[in-house]
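K.L.:
Predicted coordinates and the sequence they were generated for:
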Amino acid sequence: MPVQARKRRLDAPESDPSPAKRARLTRTDMQQPRFENEKAEQADETALHQPQPKPFKRPYAAFLRDFVDPIHPGPGTTSVHTFVSEWLESVGSDREKHCRSDSHLHHSDDVPISRQLTKSAPEMGYTRDADGFVAPPTPASIVSRSYRATEDSASSTASVRYPSYRQNNLNANNIDIRHANTQLPDYISSHVEGLRAERDSPSPSSEQINGYLDRMEDLQRGCTEVDVEEFLTDTVFPKNSDQTYGRPAGLESAKSSLMSSHLIPNNPESQFRVSRPKPYLLYGYSGALRDGAFTQPQFLAQEGLHPRNARFAEATTQGLRFPFFAIQFKAAGGARGDLWVATNQCAGASSACLSAVDQLNTSLPDHQSVQCVDNLSYCIAVDNNTAQLYISWKEDGLNYYLQRVDAFLLSRPEDFKSFRKQVRNILDWGKDTRLTQIRVALDTILEENRKKAAEHAKSRQPPSDGSATTASNWYEPSS
C-alpha cells in the first residue's frame with residue numbers, strides 16, 4: 001500500500017544522524033542567515049525583475065503644503081491654490097451645512113441637491129509610466145483639471161461669500177449695489193423720507209428700551225445668528241400672530257424659506273447665476289383666503305399673471321405673495337459671514353421681490369387711468385451690533401438697484417428706537433398703501449379679462465333668427 005507506507009515514513013521520527021553528518025548540519029545552520037540574505041538580494045535583482053519607481057523629487061507632504069499655501073506662487077500654482085481653496089470653502093463645517101440662512105443649489109425643478117451626494121471634485125484620471133506604475137499628478141495636469149472644473153461650474157451658483165460675487169454674479173445679472181452716498185431718484189428719496197416720519201402709536205418706554213439694551217450687551221459678548229434672530233423678533237420684528245402686522249392684518253412672514261427660482265433675475269447672456277435667496281425673515285401677503293389679504297377672484301387674477309406659470313405670484317413654497325421686506329441676521333465674529341455677506345444676500349432677495357410686482361405691472365392694460373404698483377422693496381442686514389437699512393427698485397424694466405439709506409448702532413437708545421420705528425413704518429406701508437395698490441391692479445386685470453371674454457363670446461354668437469331667414473331665402477331657388 002504505497003500511500004500508507006509514505007504516510008508512515010512521514011510520520012516516523014528521524015534516526016540520529018552520524019557524527020560526520022551532524023558536523024555538516026551544524027556548519028550549515030551557522031551559515032544559513034548569511035546565505036538567506038544573499039538569496040533574498042539575488043531574488044530581488046534577478047528573480048523578480050520588478051523595477052522600483054523612482055522616488056518623487058520632493059516629499060509628498062512638502063508638495064501638498066506648497067499646493068495649498070504656495071510660498072512662491074506662479075501663474076499655474078495660483079490657479080491651483082484658488083481652485084482648492086474655493087472647494088474647501090464650499091464644503092465648510094457641519095454647522096455651516098445646516099445653517100438656515102445658507103443659499104442652496106437647486107435643479108431647475110426646485111428639488112434641493114443633497115450635499116452628501118455631490119462630488120467634491122471632478123473625476124481625476126491617472127496616467128501610468130512605461131513600467132505600468134501610477135504616476136503622481138503633475139502640477140500642470142492639476143491646473144488643467146482646475147480650469148476644466150471652473151469652466152464646467154461657471155454657470156452654477158457661487159457662494160455669496162466670494163469676493164468676486166458682486167461683480168460676477170450680481171452685476172452680470174443686472175443687480176447693482178450702489179454707494180450709500182449716491183443721489184437717489186426723486187421718487188425713491190421721497191419714499192425714504194416717509195419712513196422717518198413719527199408714528200401715532202406709542203413707542204416702547206424707557207424701561208423697556210433699557211431692558212432691550214441689556215440683552216443687546218449680552219449678545220455683543222458672543223452669540224449666534226439664531227440668538228440675534230430671537231432677540232429682534234421679540235423686540236422689533238412682529239410675528240405672524242401679531243394682530244397689527246401678522247396674519248389677522250393680511251401680512252405674513254416666512255422664516256428661512258427658499259424663494260421661488262422663477263423670481264430670481266437671470267441674464268441669459270451670463271454664465272453666472274444669482275445665489276437662490278433664503279432670508280431669515282421675509283414679509284409679504286398671506287396666500288390663505290381666510291386671512292383676507294385677497295379675495296377669491298383676486299387669487300384667480302394672480303394665476304393669469306404669467307402665461308406659462310400659474311404660481312408666479314408665489315414667492316415661497318408656503319405660498320407667500322408679493323414680498324416686500326427681507327431681513328438677514330448675522331452674528332459679529334460668527335462663521336456665517338459679516339454684514340457684507342448679508343448685503344449680498346439682501347440683493348438677491350430684494351430683486352426677487354421686485355420681479356413679482358414687475359410682472360403684475362406688465363399685466364396691467366396700457367391705459368392712462370391705470371395706476372401701476374410702486375415697485376419698491378426693503379431689506380435689512382443686521383447683527384448684534386449694527387443694523388443697515390436698504391431700499392431696492394427697478395429701472396428701465398431691466399436694472400435692479402440696491403442702496404443703503406440708513407444705519408443704526410443698536411447699543412444707542414435713540415438708534416434702537418429709530419430702527420424699530422422705521423421697521424414698523426415699512427410694515428405699515430406694506431399692509432396699507434402697497435396692498436391697496438396691488439388689490440386695485442388685480443381688480444383692473446379681472447375687469448379687463450371680463451371685457452375680453454365678453455367680446456370673444458360675442459364674436460362667436462350664431463346669427464339671429466332674422467338673418468338666418470334672409471340667408472335661407474337667398475339660397476332658395478326660384479320657382
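P.N.:
Received the coordinates, thanks. Numbers count the residues shown, from 1 in each chain.
K.L.:
Render the CA-only coordinates of stretch 246-264 in CSV, please.
P.N.:
The C-alpha trace of stretch 246-264 is given here as CSV (Å, rounded to 0.1, in the frame of the first residue of the first chain):
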residue,chain,number,x,y,z
GLY,A,246,-49.5,89.4,11.3
ARG,A,247,-52.0,87.2,9.5
PRO,A,248,-55.0,88.9,11.1
ALA,A,249,-53.9,92.0,9.1
GLY,A,250,-53.2,90.1,5.9
LEU,A,251,-49.5,90.1,6.3
GLU,A,252,-47.4,87.0,6.7
SER,A,253,-43.7,86.4,7.3
ALA,A,254,-41.8,83.3,6.1
LYS,A,255,-38.8,82.1,8.1
SER,A,256,-35.8,80.7,6.3
SER,A,257,-37.7,79.8,3.2
LEU,A,258,-36.1,79.5,-0.2
MET,A,259,-37.6,82.0,-2.6
SER,A,260,-39.0,80.8,-5.9
SER,A,261,-36.4,80.4,-8.6
HIS,A,262,-38.5,82.0,-11.3
LEU,A,263,-38.4,85.3,-9.5
ILE,A,264,-34.6,85.5,-9.4
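K.L.:
Identify each buried residue in that stretch, please.
P.N.:
Within stretch 246-264, the residues that count as buried by 16 or more other CB atoms under 10 Å are 246-247, 249-255, 257-264. For the C-beta atoms, the positions are set from N, CA and C on the backbone; glycine is no exception.
K.L.:
Let's see which of the residues you listed end up in strands.
P.N.:
When DSSP state E is applied, the buried residues of stretch 246-264 are split such that L251, E252, S253, A254, K255 fall in strands.
K.L.:
The residues you listed into JSON lines, with extra columns for pLDDT?
P.N.:
Listed next are these as JSON lines, based on pLDDT from 0 to 100:
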{"residue": "L251", "pLDDT": "95"}
{"residue": "E252", "pLDDT": "95"}
{"residue": "S253", "pLDDT": "96"}
{"residue": "A254", "pLDDT": "96"}
{"residue": "K255", "pLDDT": "95"}
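K.L.:
Between which two of those is the distance greatest?
P.N.:
L251 and K255 (13.8 Å; CB to CB).
K.L.:
And the strands in this structure, which stretches?
P.N.:
Ranges of strands within the chain are 175-178, 251-255, 281-285, 321-329, 376-382, 386-395, 399-409, based on DSSP E.
K.L.:
Make a markdown table out of the ones you listed and add distance to G211.
P.N.:
Shown next, in a markdown table, are the strands of the chain (distance: least, CB to CB, whole Å):
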| stretch | distance to G211 |
| --- | --- |
| strand 175-178 | 35 |
| strand 251-255 | 24 |
| strand 281-285 | 22 |
| strand 321-329 | 20 |
| strand 376-382 | 19 |
| strand 386-395 | 18 |
| strand 399-409 | 18 |
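K.L.:
After the least confident helix or strand in the chain by mean pLDDT, heading C-terminal, what element do we hit next?
P.N.:
When the helices and strands of the chain are scored by mean pLDDT, DSSP states H and E, helix 139-152 comes last with a mean of 40. Stepping forward along the backbone from helix 139-152, the first helix or strand reached (DSSP states H and E) is helix 165.
K.L.:
what mean pLDDT does that following helix have?
P.N.:
For helix 165, mean pLDDT rounds to 95.
K.L.:
in the stretch 101-250 of the chain, which ranges drop under the pLDDT threshold?
P.N.:
101-158 (pLDDT under 70).
K.L.:
OK, contacts around the closest residue to E198 other than its chain neighbours?
P.N.:
Spatial nearest neighbour of E198, excluding adjacent residues (CB to CB, 6 or more residues apart in numbering): K421 at 7.7 Å. Applying CB atoms under 8 Å, 6 or more residues apart in numbering to K421 gives the contacts E198, R199, S203.
K.L.:
circling back: so which of the strands of the chain comes closest to L442?
P.N.:
In terms of CB to CB, the element of the strands of the chain nearest to L442 is strand 321-329, at 10.1 Å.
K.L.:
Many thanks, we can stop here.
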